[in-house]
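Enquirer: sequence and predicted model, in that order:
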Amino acid sequence: MASKPFLTDIEAIRKRAREHIDQGAITAGYSADRETVIKLLNEALATEIVCVLRYKYHYYMASGIHSQAVKAEFLEHAQQEQEHADRIAERIVQLDGKPNLNPDGLVSRAHADYAEGEDLVDMIKEDLVAERIAIDTYRAIVEYLGADDPTTRRVMEEVMAQEEEHAEDMATLLEQLGKMGEPARPAQAERAATTTARSGSNPGSGWQH
């Protein structure tokens with residue numbers, strides 16, 4: 001079978017590039033619906049920002065005998081989600097769009113929820129659910145882009161791949177904590193419990209010895 005030759009008019013490409021230099025990365029060969037792509041990317045951007053905030057909250061509030069390793073995982077994921085947000089925002093700008101960083105409507109634009117969770121296990125479950133939602137919605141974006149915008153598709157494929165790693169991490173933590181019987185109360189509840197225990201042991205608290 002004869003190989004398919006790659007034929008193109010280099011002079012025509014050079015001419016178009018000079019004629020439309022104000023369009024930045026958008027060339028005549030770009031065949032996707034740019035406005036739709038920017039809208040989808042802004043929704044993905046909102047999703048990543050919400051994930052950063054959720055992981056950061058979980059990082060600060062996680063407590064319990066086995067919480068330290070989980071806190072480290074939460075922080076690492078928060079940092080990686082921020083990197084995703086930055087990549088997506090940069091791609092929006094390359095497409096001559098504006099990253100929507102307005103906090104108003106952030107949660108409604110995002111695919112995933114901002115869920116705090118009642119304890120360490122709940123936090124991990126909420127993060128796992130959010131990662132699974134992101135994976136499915138990002139996969140839909142990748143399929144929509146197809147060959148029309150390979151650069152954006154590659155960005156979203158790489159982000160999705162790391163979201164899959166995050167989901168696997170959360171599933172593993174959930175399994176490990178289940179085996180260890182982690183009580184997993186948030187720091188505030190733990191402090192309240194400690195305060196109650198101390199007041200109960202106070203000789204002036206009314207307890208009879």
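Expert: Cool, got the structure. Numbers count the residues shown, from 1 in each chain.
Enquirer: which non-adjacent residue is nearest A62?
Expert: Spatially, and ignoring its direct neighbours in sequence, A62 is nearest to K71 (4.8 Å; CB to CB, 6 or more residues apart in numbering). Heads up, the C-betas are built off the backbone N, CA and C, glycines and all.
Enquirer: so how many other residues sit close to the one you found?
Expert: Residues contacting K71 under the criterion other CB atoms under 10 Å number 17.
Enquirer: residues contacting I141?
Expert: Contacts here follow CB atoms under 8 Å, 6 or more residues apart in numbering; on that basis I141 touches L40, A44, M156.
Enquirer: what about it, distance to V93?
Expert: Counting by CB to CB, to the nearest Å, the separation of I141 from V93 is 18 Å.
Enquirer: and what of V121?
Expert: Look at V121 and V93: by CB to CB, they are 40 Å apart.
Enquirer: neighbour count winner among the two?
Expert: Of the pair V121 and V93, V121 is the one with more neighbours under other CB under 10 Å, namely 18 against 13.
Enquirer: middle-most residue in this structure, spatially?
Expert: Relative to the mean C-alpha position of the chain, the nearest C-alpha, by CA atoms, centre = their mean, is the one of E48, at 3.6 Å.
Enquirer: neighbours of the residue lying closest to that residue once chain neighbours are set aside, how many?
Expert: On the basis of CB to CB, 6+ apart, the spatially nearest residue to E48 that is not a chain neighbour turns out to be A85, at 3.9 Å. When counting by other CB under 10 Å, one arrives at 22 neighbours for A85.
Enquirer: element containing A85, please.
Expert: helix 67-94 (DSSP states H and E).
Enquirer: what residues of that helix count as buried?
Expert: Across helix 67-94, burial judged by 16 or more other CB atoms under 10 Å covers 67, 70-71, 73-75, 77-78, 80-82, 84-85, 87-89, 91-92.
Enquirer: just stretch 166-175 next, same as before
Expert: When neighbours are counted by 16+ other CB under 10 Å, the buried residues of stretch 166-175 are found to be H166, A167, D169, M170, L173, L174.
Enquirer: same question, stretch 98-111
Expert: Burial within stretch 98-111, assessed by neighbour count using 16+ other CB under 10 Å, is assigned to P99, N100, L106, R109, A110, H111.
Enquirer: check stretch 144-163 too.
Expert: Buried residues in stretch 144-163, counting neighbours by 16+ other CB under 10 Å, are found at Y144, L145, D149, T152, R153, V155, M156, V159, M160, Q162, E163.
Enquirer: present the residues you listed as JSON lines; the columns should include secondary structure and pLDDT.
Expert: Converted to JSON lines, those look like this (DSSP: H, G, I helix; E, B strand; the rest coil; pLDDT from 0 to 100):
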{"residue": "Y144", "secondary structure": "helix", "pLDDT": "93"}
{"residue": "L145", "secondary structure": "helix", "pLDDT": "92"}
{"residue": "D149", "secondary structure": "coil", "pLDDT": "93"}
{"residue": "T152", "secondary structure": "helix", "pLDDT": "96"}
{"residue": "R153", "secondary structure": "helix", "pLDDT": "96"}
{"residue": "V155", "secondary structure": "helix", "pLDDT": "97"}
{"residue": "M156", "secondary structure": "helix", "pLDDT": "97"}
{"residue": "V159", "secondary structure": "helix", "pLDDT": "98"}
{"residue": "M160", "secondary structure": "helix", "pLDDT": "97"}
{"residue": "Q162", "secondary structure": "helix", "pLDDT": "97"}
{"residue": "E163", "secondary structure": "helix", "pLDDT": "97"}
